[in-house]
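> only the shape, not the letters, is given here:
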């Protein structure tokens, strides 16, 4: 059985992206769970942290695979930025889906912006690592020609 080299490169890109996503999310989870009295490592906090890490890993894995196909061998910065923006907005806005915005004042906007900023930071960091991997030839860009 021969495995397609393009699939292997996509798995490499996704794995690198997923690992970076976990690392960044560990920092974010650590900041969110910073000791606040006696409730540092409750079961609920631990389960929430595991859930956040798993979601970040899957999202970043999919971003890594997709990013490799989006940019191909094109150096257009709008494709790179657009990929980050699309994934970051999709992830962050879905986190805000159940939020009641009817009584939202100016002071309430700040907490809503945190998931958006985190998502942009997450995917931008993953993008920079993937770009470095492509530049260093750890990863190969998606080939637009067969063979």
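Arrived safely. In this text, all values refer to a predicted model and were calculated from it rather than measured experimentally.
> quick one, helices of the protein?
Assigned by DSSP state H, the chain shows helices spanning 5-32, 43-71, 77-95, 109-135.
> among these, which comes closest to residue 102?
helix 109-135 (13.3 Å; C-beta to C-beta). From N, CA and C alone the C-beta is placed, and that goes for glycine too.
> may I see the buried residues of that closest one?
Buried positions in helix 109-135, judged by neighbour count with 16 or more other C-beta atoms under 10 Å: 115-116, 118-120, 122-127, 129-130, 133-134.
> got the helices of the chain as CSV, with distance to residue 142 columns?
Shown next, in CSV, are the helices of the chain (distance: least, C-beta to C-beta, whole Å):
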stretch, distance to residue 142
helix 5-32, 7
helix 43-71, 5
helix 77-95, 12
helix 109-135, 10
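> where does pLDDT dip in the chain?
Applying pLDDT under 70 to the chain flags the ranges 33-41, 103-108, 145-147.
> ok, now how distant is residue 144 from residue 12?
Distance, residue 144 to residue 12, by C-beta to C-beta, to the nearest Å: 18 Å.
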